[in-house]
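Engineer: give me coordinates for this.
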Amino acid sequence: MKIAHLAYSDGGGGAFKAAYRIHKSLRQLGQESSMLVSKRVGNDPDVYDSGSALGRLWGQTATYLDILPWHLMKVPRGDFSSLSWVSSGPLGKLETLRPDIIQLHWVCAGFMTIEQIGKLNTPVVWRLADMWALAGAEHYVGDDARYRQGYRRDNRPADEKGVDLNRWAWTRKRKAYAKLDNLTIVTPSHWLANCARESVLLKNRRIEVIPTGQDIEAFHPIPKPVAREILRLPQTGKFIMTASMGLDEKRKGVGLLLQALELLKGNGYQLLLLGDPPRHAPDCPMPVHYLGRLQDDVALALAYSAADVFVAASVEENLANTVIEAMACAVPCVAFAIGGMPDIIRPACNGYLAQPFLIEDLARGIETVLESGEAYARLASEARLTVEQGFSEAGQARRYLSLYEELLVANA
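Structural biologist: Numbering: from 1, shown residues only. This next block holds a predicted model:
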């Protein structure tokens with residue numbers, strides 16, 4: 001079976017790493033899988049970019065051009081929004097591969113246009129990393145319910161001004177999707193599947209839930225003293241870990257976590273921050289250790305293993321790769337009970353789900369895990385077991401392969 005995966009990149013962000021892991025696992029199952037990307041970061045010979053310096057330069061230019069209308073029209077842009085009106089040109093290479101199945105992943109930032117999606121004439125499986133496919137230009141919609149109602153002039157949020165670029169993107173999607181006869185939607189979480197079923201754009205499509213798979217060989221528990229020694233961290237004390245591309249990223253809720261930490265000051269805890277170091281140190285009531293943006297799985301496994309609890313304080317989230325990675329390293333997790341978090345975090349079993357968005361309950365959850373005494377070993381063991389049993393990349397690949405085979409039989 002020939003499978004072609006289309007994604008902006010084969011590594012870096014969580015959605016791109018997830019796409020590559022599916023491709024890699026399918027190869028290990030003996031399938032003829034390949035990837036088409038705009039930004040190639042690995043050295044896998046079955047991952048293709050434009051193949052030329054000029055093509056790579058155009059890919060970078062297309063990423064910039066794709067957001068240009070927001071600036072030219074002076075329209076406020078959300079936390080992250082994609083218009084997908086420029087393409088770095090994957091379809092030419094796609095024709096030479098002649099796949100039996102096309103799997104779409106995160107295809108924005110100038111990788112594919114919405115109109116190109118509508119031209120795919122092979123059975124298409126689209127793994128949603130966020131809400132973009134079912135919304136306007138937004139990747140997460142916040143309180144905006146137009147994805148369930150349709151993007152009309154009369155229901156636009158009152159605080160939005162200027163050209164309605166979200167409505168423009170949504171209208172183009174509706175036209176493009178109407179041309180796809182064989183589109184199957186896959187979501188990593190039940191929350192996102194429910195969003196898709198409620199949406200105007202995808203409610204009549206087949207929608208499946210296949211949890212994100214993790215490399216449980218790369219992400220495994222490392223003894224905390226060893227991990228801390230390698231990372232040059234103190235051997236004593238309890239470490240709270242979180243991850244964010246930026247402290248001001250509202251969706252990731254780092255500000256809420258910092259408020260919760262205020263309630264825990266004086267307990268001797270320390271904070272591990274994974275991601276880009278801030279330009280200005282945050283006002284944190286405890287010592288902070290900046291780990292930076294780690295791309296290597298070995299370094300990431302060390303970082304997670306050094307922590308005693310991982311906190312994902314997101315206010316909107318599909319199912320964070322960081323949570324799966326942390327739990328694979330036997331680190332209990334704490335999060336708000338939103339999005340896909342309840343799919344993996346089980347209170348009193350492998351972590352704690354706080355009531356959205358109560359700072360006091362988030363602090364209570366962190367303290368509950370860190371002060372669990374002899375029960376901590378069971379929480380850590382259950383965290384690892386949860387990933388082994390339901391979130392391994394081998395199990396994920398087998399489920400995708402079964403879906404592909406079913407679609408090809410139905411399409412024969």
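Engineer: hey, where'd the helices end up in the stretch 151-300 of the chain?
Structural biologist: Ranges of helices in the stretch 151-300 of the chain, per DSSP state H, counting those that start in this stretch, are 165-177, 190-198, 224-230, 254-262, 297-306.
Engineer: tell me the helices and strands packed up against the second one.
Structural biologist: In terms of contacts (3 or more C-beta pairs under 8 Å, 6 or more residues apart in numbering; DSSP states H and E), helix 190-198 is packed against helix 146-149, strand 183-187, strand 206-209. Where you see a C-beta, it was placed from the backbone N, CA and C, and this is true even at glycine.
Engineer: among those, which is the most enclosed?
Structural biologist: strand 183-187 (a mean of 23; mean count of other C-beta atoms under 10 Å).
Engineer: tell me which other helices or strands that one touches.
Structural biologist: Packing partners of strand 183-187 (3+ C-beta pairs under 8 Å, 6+ apart): strand 124-127, helix 190-198, strand 206-209, helix 393-411.
Engineer: re earlier: in CSV: the helices of the stretch 151-300 of the chain, plus mean neighbour count.
Structural biologist: CSV is the format used below for these (neighbours: other C-beta atoms under 10 Å):
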stretch, mean neighbour count
helix 165-177, 19
helix 190-198, 19
helix 224-230, 15
helix 254-262, 21
helix 297-306, 21
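Engineer: report the residue spans of this structure with pLDDT below the cut-off.
Structural biologist: Low-confidence segments of the chain (pLDDT under 70): 74-76, 78-79, 245-248, 278, 281-282.
Engineer: so what are the sheet partners of the helix or strand encompassing Ile3 and their directions?
Structural biologist: Element membership for Ile3, per DSSP states H and E: strand 2-6. Each strand that pairs with strand 2-6, with its direction, by DSSP bridges: strand 32-36 (parallel), strand 101-104 (parallel).
Engineer: about what we covered before: which among the helices and strands packed on helix 190-198 is found nearest to His220?
Structural biologist: Proximity to His220 (C-beta to C-beta) singles out strand 206-209 among the helices and strands packed on helix 190-198, at 25.7 Å.
Engineer: can you name every helix or strand that the closest one contacts?
Structural biologist: strand 183-187, helix 190-198.
Engineer: of all these, which lies closest to Asn267?
Structural biologist: Nearest to Asn267, of the helices and strands packed on strand 206-209 and by C-beta to C-beta, is helix 190-198 at 32.3 Å.
Engineer: okay, that closest one in CSV with CA atoms only?
Structural biologist: Extracted C-alpha coordinates of helix 190-198, given in CSV (Å, rounded to 0.1, in the frame of the first residue of the first chain):
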residue,chain,number,x,y,z
HIS,A,190,-12.9,12.6,21.8
TRP,A,191,-13.3,16.3,22.5
LEU,A,192,-12.1,17.3,19.0
ALA,A,193,-14.2,14.5,17.4
ASN,A,194,-17.3,16.0,19.1
CYS,A,195,-16.3,19.5,17.8
ALA,A,196,-16.1,18.0,14.3
ARG,A,197,-19.5,16.3,14.6
GLU,A,198,-21.0,19.6,15.7
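Engineer: how distant is it from the center of its chain?
Structural biologist: Its chain's average C-alpha position is 16 Å from that of helix 190-198, according to C-alpha atoms, centre = their mean, to the nearest Å.
Engineer: repeat that for stretch 343-362.
Structural biologist: Centre-to-centre, stretch 343-362 and its host chain are 20 Å apart (C-alpha atoms, centre = their mean).
Engineer: go through it and flag the buried ones.
Structural biologist: The neighbour-count check on stretch 343-362 (16 or more other C-beta atoms under 10 Å) flags 343-346, 350-354, 356, 359, 361-362 as buried.
Engineer: from those, which land in strands?
Structural biologist: 351-354 (DSSP state E).
Engineer: once you drop chain neighbours, what's closest to Ala169?
Structural biologist: Distances taken as C-beta to C-beta, 6 or more residues apart in numbering place Ala137 nearest to Ala169, at 4.1 Å, with adjacent residues excluded.
Engineer: what sits against that neighbour?
Structural biologist: Going by C-beta atoms under 8 Å, 6 or more residues apart in numbering, Ala137 touches 78, 81-83, 165-166, 168-170.
Engineer: let's see 7 Å
Structural biologist: Residues in contact with Ala137, defined by C-beta atoms under 7 Å, 6 or more residues apart in numbering, are 81-83, 165-166, 169.
Engineer: same deal with Gly118?
Structural biologist: Contacts of Gly118 (C-beta under 7 Å, 6+ apart): 175-177, 179-180.
Engineer: show me which of the residues you listed is closest to Gly59.
Structural biologist: Checking those one by one against Gly59 (C-beta to C-beta), the nearest turns out to be Ala176, at 21.5 Å.
Engineer: phi and psi next, for the residue nearest to the closest one when sequence neighbours are not counted.
Structural biologist: Nearest in space to Ala176, with sequence neighbours left out and distances taken as C-beta to C-beta, 6+ apart, is Gly118 at 3.1 Å. Note on Gly118: backbone dihedrals following degrees, to the nearest 10 are phi -70, psi -10.
Engineer: got it, and Ser381?
Structural biologist: Phi and psi for Ser381, reported as degrees, to the nearest 10, are phi -60, psi -40.
Engineer: please identify which pair of the buried residues of stretch 343-362 lies farthest apart.
Structural biologist: Using C-beta to C-beta, the buried residues of stretch 343-362 span at most 23.7 Å, a distance reached by Asp343 and Ile359.
Engineer: which strand or helix spans the closest residue to Ser88 other than its chain neighbours?
Structural biologist: Distances taken as C-beta to C-beta, 6+ apart put Gly59 closest to Ser88, at 4.0 Å, once the chain neighbours are dropped. Assigned by DSSP H and E, Gly59 belongs to helix 53-72.
Engineer: mind listing residues that contact the following helix or strand past that helix?
Structural biologist: The helix or strand immediately downstream of helix 53-72 is helix 91-97, counting by DSSP H and E. Here helix 91-97 makes contact (C-beta under 7 Å, 6+ apart) with 2, 4, 34, 36, 48, 116.
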